[in-house]
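K.L.:
got a predicted model here, sequence first, then my questions.
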Amino acid sequence: MKCGRTVFHALLSSLLLLAACATQPSNPTPSSNASTDNVEKFLADAEKRYLADAIKLSRASWVKSNFITDDSEALEADANKGNIALVTELAEAARKFEGQNLSPDAARKLKLLKLALTLPAPKDEKEREELTKIAASMEGDYGKGKYCPDPTGDPLLTARVKALAAQSKNNEKKCLDLGDLEKIIGESRNPEELKRAWMGWHQVAQQYRQRYTRFVELANKGAKEMGFKDVGAMWRANYDMEPDAFAAEMERLWLQSNRSTIRCTLTCGQSCDKNTATRCQPMARFRRICSAICGHSSGAISTKSSSPRQSRRKPTT
């Protein structure tokens, strides 16, 4: 009898234990410490792999930028392709930590890992290769580009070419490269010469306009596959705010700057009417800037209305 009760209690205990086990989830959630250890291990490995690959890409880019050839462009395209593949792989792997209770440092690192690419490429291997080759070829054409001014239609820059040829003792020099045009735009104060230099350099871009269109299509596709609206939204996400919030802040700053421009325009001599009278008096801190823009030193206001207060007075009878 005593033995029977012992067996009964043993069976009862077993049934209760089985029932308790049955109520537990089949895949228990890892503890907070386990999650922290996993993400720290992942980030340490990701940083190590990314650093090694980034150095490799930087070396290939340096060689291509200083020795622009078809071979150096191919080397950079291959290195960039590998870098994009690595970052895409790490960004995909980082998604398993989304929604977990992570430290601020770990969460920020995971976000920056996802944003490490300035050029997001599609997952498709052929499209990724196409994108990297387009990027390398356009950068090469940009560096090799030259503007050859027409002596008849562009005498100003033609004179520049002759002066540079004399300085370098290179009588065969007939064109301006990127360095020459940068110097002109940085030093010249002749509006017509600046305009010619700007328009001349933009002629270089015409040869890869179609490639650039395809470049944008592929990059936007890659950004969408990573969860962004487009490449622009991905770039704006690099700041410590959401892309839409960043765009709103830029709009606010632009409107603030635009109001300053209105003040400067009125300061330069535009007459005030009843609609603009309240903006005719520029703030003191803008007076010096406005004077520089207007080309005079006084910064005096040339308006028909003497003051905003007077402009709002009712005429006396």
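P.N.:
Right, received. Where do you want to start? Numbers count the residues shown, from 1 in each chain.

K.L.:
how near is T132 to E76?
P.N.:
8 Å (C-beta to C-beta, to the nearest Å). The way it works is simple: take the backbone N, C-alpha and C, and place the C-beta from them, glycine included.

K.L.:
could you do D240 as well?
P.N.:
31 Å.

K.L.:
okay, those two: which has more neighbours?
P.N.:
Taking other C-beta atoms under 10 Å, D240 and E76 do not tie; E76 has more neighbours (24 against 9).

K.L.:
in stretch 227-238, what's buried?
P.N.:
Buried residues in stretch 227-238, defined by neighbour count with 16 or more other C-beta atoms under 10 Å: F228, D230, V231, A233, M234, W235, R236, A237.

K.L.:
with stretch 202-217 instead?
P.N.:
Going by neighbour count (16+ other C-beta under 10 Å), the buried part of stretch 202-217 is V204, Y208, F215.

K.L.:
tell me who's in contact with the last one.
P.N.:
Read it as F215. Taking C-beta atoms under 8 Å, 6 or more residues apart in numbering, we find F215 in contact with L131, I134, A135, M138.

K.L.:
isn't the first one up against A121?
P.N.:
Yes: applying C-beta atoms under 8 Å as the test, L131 and A121 come out as touching, 4.8 Å apart.

K.L.:
okay, and the common contacts of the two?
P.N.:
Taking C-beta under 8 Å, 6+ apart as the contact rule, L131 and A121 both touch L218, A219, G222.

K.L.:
among these, name the ones in helices.
P.N.:
Here DSSP state H is the test, and those give L218, A219, G222 as lying in helices.

K.L.:
just among those residues, which is most surrounded?
P.N.:
Most neighbours among those, by other C-beta under 10 Å: G222, with 25 neighbours.

K.L.:
does that residue really touch E130, like I thought?
P.N.:
No: with contact defined as C-beta under 8 Å, G222 does not reach E130; the gap is 11.4 Å.

K.L.:
contacts for stretch 134-148 next, please.
P.N.:
Stretch 134-148 is contacted from outside by 64-65, 68, 72-74, 76-77, 80, 119, 157, 174-178, 181, 197, 200-201, 203-205, 207-208, 211-212, 214-215, 218, using C-beta under 8 Å, 6+ apart.

K.L.:
so where does the residue minimising distance to the centre of the chain fall, helix or strand?
P.N.:
Relative to the mean C-alpha position of the chain, the nearest C-alpha, by C-alpha atoms, centre = their mean, is the one of W235, at 4.4 Å. Assigned by DSSP states H and E, W235 falls within helix 231-236.

K.L.:
so how far is that helix off the chain centroid?
P.N.:
Distance, stretch centre to chain centre, for helix 231-236: 7 Å (C-alpha atoms, centre = their mean, to the nearest Å).
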